[in-house]
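**Student:** Predicted model and sequence below, questions to follow.
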Amino acid sequence: MEEQKQLCYKCGVKPPNYKIRSQKVCRDCFIKNTEHLFRSNLKALLSPKKGENLLIAISGGANSMSMLHLTDTCKNPEKTTKLMQFTPVLLYIDDSFIYHTPQSQVSEFLESVEKRYNVHINVIKIEEKIPDIEEQLNLPSQAKSDMLYFVINNLITDFARENNYQKVITGESASRVSTLVMSEICKGRGVSVSSFSSPILLVDGITIARPLRELLEKEVAIYHSIYDVPLLTKLPMAQSLTLPWAGSMDILIQDFLGNLQSKFPSTTHTLLRTATKLIPQGNFNEICAICKHTKDGPINHLEKFNSEYEDICYACHHLRQNK
Amino acid sequence: MIKSCELCGIEKPAIKRPKTGQGICKPCFFSAIENEVHETIISSNLFHPGEKIAIGASGGKDSTVLIHLLDLLNKRHNYGIELHLLSIDEGIVGYRDDSLVTVKRNQEVYQLPLTIVSYSELFGWTMDQIVKKIGLNNNCTYCGVFRRQALDRGARMIGAEKIATGHNADDIAETVLMNLLRGDHFRLGKSTDIVTGEEGDMPRCKPLKYLYEKEIVLYAHYQNLDYFSTECVYSPNAYRGYAREFLKDLERIRPRAILDIIHSGEMLSVSAPAPAKMTCERCGNVSSNKICKACTLLETLSKP
Ligand SMILES: [Zn+2]
Ligand SMILES: [Zn+2]
Ligand SMILES: [Zn+2]
Ligand SMILES: [Zn+2]
């Protein structure tokens, strides 16, 4: 009896290597599970067809780099019998200008990825596309990081539109999406929670899918380390830009949810399930000029601003107030 | 250099206002709080002349400030409402009996009628007896369900049209987060409404909805209000504790966060239809099931 307990829950043969959401699993089964889940998610969300371009947005982080590796398995006959025939197109938004990442480190990273996956990476330098980016990001650390997040997302959709790519994948894990949902609720962007939490969204006619949305950060990290996928290390913005560090909301939220997740293993998935059931209260037709999500205005009469004269949402109004 | 109050520009600042960070004098702080609550009441049309309002009075800081403000604003702005204090005696020795003494002192100060309804007369159980029977695991669930119904029945007893409770901005933001984390999407949409339960249920309103807890504490302190500040002897559940601590950390980084969370809740609704309201077959009170939650819990208690 004692020995049986020690075996992988899936195959029941091998000793387990990891514990994922209170289930013990062996290395082989973990890999098989993860890759299978990824492929079926990708198929269900986008069903990329033969010869169709699939834009893969990578940031150099563990999430998007694991996504790239997983996308590669869809074309690997050793991994699956149902090979997918889409054409991968890679896009890297180079924000080293903001993070002060050494240029040599970035090019070394990009070269290693191109070589390993036998692909070409399209690179957009943020300061070339947006010459006044420094001025736009002249904000306190959290606001700066929020603004940069929206700028990068907009650059990805712009690139897709300009090149006529209809389908895009981004690498947010379940943990990342739940942090995003929580964080947007705390910043007043609750009206858009369903799109922040959704596994798939339509922006300006382009479909953006998140095939890692069911995987916890821990699962992604394990997968990433098994295959030793290339990684570009960046300091979190709050640390690299505003020393001494005053504290950033996103880091606090990430710690809070991570801590809760370790005590209550269903935290992340419960949060995501709840968020997808929430819809805006009322009808909104306008899109915010900054975050490209629903434009709403204040309900609280004590807020002394009138959103009718602005083209930005309630949260972006307060984001810009930081200037 | 000594700065002067950021609002009047005359007096010396005495308070750093938690919500805005402004350094202001005491009189300006008082009028800011009073005007904001008045504006909230007027803009959401909370009260109508001739209405009798039951104020949920626990003796704590929130309900004490609520009593003070409603009494003051009713006189100052002629709302024409009749105020009646309503206290719930859960039967917790060393906590509720002491706080009820505070409520009775306030009743004298404000010269308002007071009605006390107790769990033991309504349900046949005190919280102390319930804890003795079920232990310290689920006691807050019992207390919450019973308090809801007790307030309702108490308010009907005194012929009130509405119940006003002392929920503040922190409480509401915390409830939004709790409902999100616990997966209670139905409650999430409702938790930020300033008035709830209008269909069949006794309407409840939260005039302090946009007031920060820290400001309530300051207001009570500088007005020398008489309130009781001990935590319930049966400490609340750990999960809510995490959410509360998180909110406090968040407020430290960004004081606006409390208002922003409330705003997020205000903009949200649920995509599925809400459960239908009916009356409990056993006790006749409003319920979302054939048998209401209070009756279900009472049945569990009566089992050996
Ligand atoms: Zn196995
Ligand atoms: Zn916006
Ligand atoms: Zn002043
Ligand atoms: Zn009942």
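**Tutor:** Cool, got the structure. Owing to the predicted nature of the structure, the values given are computational and were not obtained by experimental measurement. Ligands and ions are numbered 1, 2, ... in the order given.

**Student:** With residue A:319 as the reference, measure out to the closest residue to residue A:127 other than its chain neighbours.
**Tutor:** Nearest residue to residue A:127, sequence neighbours excluded (CB to CB, 6 or more residues apart in numbering or on different chains): residue A:97, at 4.4 Å. Using the backbone N, CA and C atoms, a C-beta is placed for each residue, glycine as well. Distance, residue A:97 to residue A:319, using CB to CB, to the nearest Å: 21 Å.

**Student:** quick one: which of those two has more around it?
**Tutor:** residue A:319 (24 against 15; other CB atoms under 10 Å in any protein chain shown).

**Student:** Can you name the residues that contact that one?
**Tutor:** Taking CB atoms under 8 Å, 6 or more residues apart in numbering or on different chains, we find residue A:319 in contact with A:139, A:143, A:146-147, A:187, A:290.

**Student:** ok, it to residue A:96 distance?
**Tutor:** The spacing between residue A:319 and residue A:96, counted by CB to CB, is 24 Å.

**Student:** and what of residue A:290?
**Tutor:** As judged by CB to CB, residue A:290 and residue A:96 stand 23 Å apart.

**Student:** Compare those two (neighbour count), which wins?
**Tutor:** Counted by other CB under 10 Å, residue A:290 and residue A:96 do not tie: residue A:290 has more neighbours, with 21 against 18.

**Student:** so that one makes contact with residue A:147?
**Tutor:** Yes: with contact defined as CB atoms under 8 Å, residue A:290 counts as touching residue A:147 (7.5 Å).

**Student:** And for the lengthiest strand in chain B, what's in contact with it?
**Tutor:** Counting by DSSP state E, the longest strand found in chain B is strand B:82-89. Outside strand B:82-89, the residues within contact range by CB under 8 Å, 6+ apart are B:50-59, B:67, B:70-71, B:74, B:96-97, B:100, B:103, B:106-107, B:110, B:112-120, B:147, B:150-151, B:154-155, B:158, B:160, B:163.

**Student:** If we use 7 Å, what do you get?
**Tutor:** For strand B:82-89, contacts defined as CB atoms under 7 Å, 6 or more residues apart in numbering or on different chains pick out B:52-58, B:67, B:70-71, B:74, B:96, B:100, B:103, B:107, B:112-119, B:147, B:150-151, B:154-155, B:158, B:160.

**Student:** so how far is it off the chain centroid?
**Tutor:** 13 Å (CA atoms, centre = their mean, to the nearest Å).

**Student:** cool, stretch A:221-231 as well?
**Tutor:** The answer for stretch A:221-231 is 17 Å, by CA atoms, centre = their mean.

**Student:** end to end, how far does it reach?
**Tutor:** By CA to CA, to the nearest Å, the extent of stretch A:221-231 from end to end equals 11 Å.

**Student:** Could you give the average pLDDT over that stretch?
**Tutor:** Across stretch A:221-231, pLDDT averages out at 96.

**Student:** And it, what's buried?
**Tutor:** Of all the residues in stretch A:221-231, those buried under the rule 16 or more other CB atoms under 10 Å in any protein chain shown are A:221-224, A:226, A:229-231.

**Student:** ok, the closest residue to ligand 3 within the stretch 101-250 of chain B - contacts?
**Tutor:** Ligand 3 sits closest to residue B:222 of the stretch 101-250 of chain B, with a gap of 13.1 Å, by CB to the ion. By CB under 7 Å, 6+ apart, the residues touching residue B:222 are residue B:26.

**Student:** 8 Å instead, please
**Tutor:** Contacts of residue B:222 (CB under 8 Å, 6+ apart): B:15, B:26, B:29-30.

**Student:** Please pull out the lowest mean pLDDT helix or strand from the chain.
**Tutor:** Chain wasn't specified; assuming chain A. helix A:237-241 (a mean of 46; mean pLDDT, DSSP states H and E).

**Student:** my bad, the chain I had in mind was chain B
**Tutor:** helix B:185-190 (a mean of 79).

**Student:** List the buried residues for that one?
**Tutor:** For helix B:185-190, the neighbour count (16+ other CB under 10 Å) marks B:185, B:188-190 as buried.

**Student:** Show me what it is packed up against.
**Tutor:** Judged by 3 or more CB pairs under 8 Å, 6 or more residues apart in numbering or on different chains; DSSP states H and E, helix B:185-190 is in contact with strand A:278-280, helix B:169-182, strand B:268-270.

**Student:** Go through the contacts of residue B:222 and flag which are in strands.
**Tutor:** residue B:15.

**Student:** Neighbour-wise, which one of the contacts of residue B:222 leads?
**Tutor:** Top of those by neighbour count (other CB under 10 Å): residue B:29, with 22 neighbours.

**Student:** Let me see the confidence value for that residue.
**Tutor:** 97.

**Student:** which residues touch the closest residue to residue A:203 other than its chain neighbours?
**Tutor:** Spatial nearest neighbour of residue A:203, excluding adjacent residues (CB to CB, 6+ apart): residue A:157 at 5.1 Å. Taking CB under 8 Å, 6+ apart, we find residue A:157 in contact with A:168, A:203-204, A:206, A:208, A:292.

**Student:** contacts with ligand 1 among the contacts of residue B:222, please.
**Tutor:** Near ligand 1, taking CB under 5 Å from the ion as the test, no member of the contacts of residue B:222 is found.

**Student:** Closest one of the contacts of residue B:222 to ligand 4?
**Tutor:** residue B:30 (43.7 Å).

**Student:** ok, the closest one - contacts?
**Tutor:** B:219, B:222-223.

**Student:** any low-confidence regions in the stretch 201-323 of chain A?
**Tutor:** Applying pLDDT under 70 to the stretch 201-323 of chain A flags residues A:234-247, A:323.

**Student:** Actually, chain B.
**Tutor:** When residues are selected by pLDDT under 70, those of chain B lie in B:1-2, B:198-200, B:236-237, B:272-275.

**Student:** That one against ligand 1: which residues are in contact?
**Tutor:** Counting by CB under 5 Å from the ion, no residue of chain B is near ligand 1.

**Student:** Could you break chain B into its assigned domains?
**Tutor:** B:48-272, B:278-304 (automatic domain parsing).

**Student:** where do the helices sit along the stretch 51-200 of chain B?
**Tutor:** If DSSP state H, counting those that start in this stretch is used as the criterion, the helices of the stretch 51-200 of chain B fall at B:61-76, B:96-110, B:119-123, B:127-134, B:139-157, B:169-182, B:185-190.

**Student:** Determine which of those helices approaches ligand 4 most closely.
**Tutor:** helix B:139-157 (7.8 Å).

**Student:** Okay, buried residues for the closest one please.
**Tutor:** By neighbour count with 16+ other CB under 10 Å, helix B:139-157 contains the buried residues B:139-140, B:142-143, B:145-155.

**Student:** how much space between residue A:164 and ligand 2?
**Tutor:** 27 Å (CB to the ion, to the nearest Å).

**Student:** what about that residue, which SS state?
**Tutor:** coil (DSSP: H, G, I helix; E, B strand; the rest coil).

**Student:** averaged over its residues, what pLDDT does stretch A:125-145 have?
**Tutor:** 90.

**Student:** pLDDT on the helix or strand harbouring the residue nearest to residue A:127, on average?
**Tutor:** Assigned by DSSP states H and E, residue A:97 falls within helix A:96-99. The average pLDDT within helix A:96-99 is 86.

**Student:** returning to that earlier point: closest one to chain A out of the contacts of residue B:222, please.
**Tutor:** Nearest to chain A among these is residue B:29, at 15.2 Å by CB to the nearest CB.

**Student:** Can you tell me, leaving aside adjacent residues, what's nearest to that closest one?
**Tutor:** Residue B:29's closest residue in space is residue B:15 (CB to CB, 6+ apart), at 4.9 Å.

**Student:** Next, the contact list for that neighbour, please.
**Tutor:** B:23-26, B:29, B:218, B:222.
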